[in-house]
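Participant: Using only what follows, build the 3D model:
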Amino acid sequence: MNWMMLLVRGRKMKKTKCSICEDVIIPDPDGWNGGHNAEPVNSGRCCSTCNTRVVTPTRIVLYLKNKEKRGTNNGQKKER
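Facilitator: All right, here's what the predicted structure looks like:
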């Protein structure tokens, strides 16, 4: 993983690159610089932009496919 040093609030913080777009992950306003879980796209960490545009939509599609495959509707069996 590619690490860079950044000065945040007067202290050095390690920063990493997004595992999807490879841009540097920008710290949240509270100082968290670990990004987001990129699963199921890959096993790394991702930036907020990739989390919103890639990871979350992928999770929704996989959820809906799984739900359709199971044949359930709001926790109940689908009537045929």
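Participant: so what's Arg59 scoring on pLDDT?
Facilitator: On pLDDT, Arg59 comes in at 98.
Participant: Double-check that Pro40 belongs to a strand.
Facilitator: No - counting by DSSP: H, G, I helix; E, B strand; the rest coil, Pro40 falls outside a strand, being coil.
Participant: how near is Cys47 to Lys65?
Facilitator: Note on Cys47: its distance to Lys65, by C-beta to C-beta, to the nearest Å, is 26 Å. Quick note: C-beta positions are derived from backbone N, CA and C, even for glycine.
Participant: what about these two, which has more around it?
Facilitator: When Cys47 and Lys65 are compared for neighbours, Cys47 comes out ahead with 23 against 10, by other C-beta atoms under 10 Å.
Participant: got the contact list for the more buried one?
Facilitator: For Cys47, the contact set (C-beta atoms under 8 Å, 6 or more residues apart in numbering) comprises Cys18, Ile20, Cys21, Asp23, Val24, Ile25, Ile26, Gly35, His36.
Participant: Please report how far the spatially closest residue to it that is not a sequence neighbour lies from Val24.
Facilitator: In space, and not counting its chain neighbours, Cys47 is closest to Cys18: 4.1 Å by C-beta to C-beta, 6 or more residues apart in numbering. Using C-beta to C-beta, Cys18 is found at 8 Å from Val24.
Participant: just Val41 next, same as before
Facilitator: Distance from Val41 to Val24, by C-beta to C-beta: 18 Å.
Participant: what ranges do the strands span in the chain?
Facilitator: Taking DSSP state E, the strands of the chain run over residues 3-8, 11-16, 36-37, 45-46, 72-73, 76-77.
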